[in-house]
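**Q** I would like to see how this sequence folds:
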Amino acid sequence: MGSLIRLLIGVPGAVIVTGGLFLFMAAMIKGPTRLNEEEDSININITAQIDDTDINNANRDIKRPTLDAPPPPPPAVNDPSNRPALNGVAAQIPTINANLNIGSGFNPDRDAQPLVRIPPQYPERCMNRAKSTETVLVQFDVTPDGQTTNIEAVDSSNSCLNRAAIRSVERWKYQPKIVDNQAQWRRGVQTAITFNLADD
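**A** Coordinates of the predicted model:
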């Protein structure tokens, strides 16, 4: 009921206001417009003034730099005793004995050899329950590229140090095992890593 009353009052009010605005605007448009013709008109000049310059006089003022005389050529040496001798040094060609004996102990095959071994860091979380010296036995394989893989802690005196030992071995580098001039896997390499806790 209230919305119906608002509709009945609002629609005629909106029509009256709109009509009044329309009439006011029509009166403004039809009204006389007066221009103030007494004011001076503004004169804007956008043409730039170009000054002519005398090119001939400008070129006369430029002074060319004077160049220094080139240095004289070095004196020619006509004394034949001053020239070095071009005679080669006479020497006998050495003879090389091609029958080399490398010994019976030479073996081109070799086992994996460590190149880089980075020592582990003692973890702080393991220091409070650790002895002065702890040992972790680590087992791993060496790839033909010399990388360590399949790393595991086989035995340790403190299991808290196992992760530090494995992380250290992951960064080791080996010279791979060579068999018949071919790099091979080296499996089951075991190394004991000793952790020493420094006394403060």
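
**Q** Following the chain past the helix or strand bottoming out on mean pLDDT in the chain, name the next helix or strand.
**A** Here the helix or strand of the chain ranked lowest by mean pLDDT, DSSP states H and E is helix 55-60, holding a mean of 62. Per DSSP states H and E, helix 55-60 leads on to strand 113-116 as the next helix or strand towards the C-terminus.

**Q** what's that following strand packed up against?
**A** Judged by 3 or more C-beta pairs under 8 Å, 6 or more residues apart in numbering; DSSP states H and E, the packing partners of strand 113-116 are strand 173-175. Every C-beta, even on glycine, is put in place using the N, C-alpha and C of the backbone.

**Q** for the helix or strand just after the strand it packs on, what is the average pLDDT?
**A** Note on strand 173-175: by DSSP H and E, the next helix or strand toward the C-terminus is strand 177-179. Averaging pLDDT along strand 177-179 gives 86.

**Q** Pull out the buried residues from strand 177-179.
**A** Residues of strand 177-179 classed as buried by neighbour count (16 or more other C-beta atoms under 10 Å): 177, 178.

**Q** please begin residue numbering at 52 from this point
**A** Understood, numbering begins at 52; the last thing we discussed is strand 228-230.

**Q** List of residues touching that strand?
**A** For strand 228-230, contacts defined as C-beta atoms under 8 Å, 6 or more residues apart in numbering pick out 159, 160, 161, 162, 163, 193, 234, 235, 236, 237.

**Q** can you rerun that using 6 Å?
**A** For strand 228-230, contacts defined as C-beta atoms under 6 Å, 6 or more residues apart in numbering pick out 160, 161, 162, 163, 235, 237.

**Q** Over to stretch 231-246?
**A** For stretch 231-246, the external contacting residues (C-beta under 6 Å, 6+ apart) are 163, 173, 185-193, 195, 212, 216, 227-228.

**Q** try 8 Å
**A** Stretch 231-246 is contacted from outside by 159-160, 162-163, 171, 173, 181, 184-196, 205, 209, 212, 215-216, 219-220, 225, 227-229, using C-beta under 8 Å, 6+ apart.

**Q** Give me the buried entries from the residues you listed.
**A** 163, 171, 173, 181, 185, 187, 189-191, 193-194, 212, 215-216, 219-220, 225, 227-229.
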